[in-house]
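Colleague: When you get a sec, could you give me coordinates for this:
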Amino acid sequence: MLFRSGTVVFNNTIIGPLSIIVANTIIGARNIIGKCAIITSLVATTTDVKIGSFAFIGTHASIAEYVEIGPGAMIGMGSLINRDVPPGAVVFGSPFKIIDKVDVPGEIIENWNKMKGK
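Modeller: This is a model prediction of the structure:
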């Protein structure tokens with residue numbers, strides 16, 4: 001995993017291998033971030049957030065507590081994520097709307113479910 005300056009990660013957060021968290025990002029307590037996830041600059045998460053493997057979170061996105069972002073989901077910059085995002089969804093807005101969907105291989109979803117303990 002790669003961290004840049006100004007990034008804060010709070011207690012009991014699990015970050016998967018090969019994930020990237022860019023500068024000036026705040027990751028709340030008890031988050032789970034899957035492998036190969038990319039979280040760009042100025043993103044803020046609260047507590048108990050789950051970000052799936054291969055997910056992409058755009059700049060200035062805000063993620064509310066207890067939200068799960070599915071594997072392969074793409075979050076547009078400045079989006080407010082206040083409810084769960086399904087796997088492979090492409091979302092944008094405040095609050096967000098699903099604008100497209102990409103296919104996510106079943107193996108990635110299965111591995112994600114194992115990592116988060118389902």
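Colleague: Show the contacting residues for the most centrally placed residue in the chain.
Modeller: With distances taken as C-alpha atoms, centre = their mean, Ile51 lies nearest the centre of the chain, 3.3 Å away. Contacts for Ile51 (C-beta atoms under 8 Å, 6 or more residues apart in numbering) come out as 31-34, 37, 39, 45, 57, 63, 69. (Glycine included, C-beta is placed from N, CA and C.)
Colleague: ok, of these, which one's closest to Leu18?
Modeller: Ala37 (8.6 Å; C-beta to C-beta).
Colleague: Count the residues that sit near the closest one.
Modeller: Neighbours of Ala37 under the rule other C-beta atoms under 10 Å: 24.
Colleague: so it touches Pro17, yeah?
Modeller: No. Judged on C-beta atoms under 8 Å, Ala37 makes no contact with Pro17 at a distance of 10.2 Å.
Colleague: Reduced to three states, what does Trp112 come out as?
Modeller: Classification of Trp112 using DSSP: H, G, I helix; E, B strand; the rest coil returns helix.
Colleague: how near is it to Lys50?
Modeller: Plainly put, Trp112 is 9 Å away from Lys50 if you go by C-beta to C-beta, to the nearest Å.
Colleague: Apart from its chain neighbours, what residue comes closest to Ser41?
Modeller: Counting by C-beta to C-beta, 6 or more residues apart in numbering, Ser41 lies nearest to Val22, which is 4.5 Å off, once chain neighbours are set aside.
Colleague: In contact with that neighbour, which residues?
Modeller: By C-beta under 8 Å, 6+ apart, the contact list for Val22 reads 4, 7, 38-41.
Colleague: Need the per-residue pLDDT for it.
Modeller: pLDDT, Val22: 91.
Colleague: How about the one 4 residues further on?
Modeller: pLDDT, the model's per-residue confidence, is 94 for Ile26.
Colleague: swap in Met1?
Modeller: At Met1, pLDDT is 59.
Colleague: ok, now the one 5 residues further on?
Modeller: Confidence at Gly6, expressed as pLDDT, is 82.
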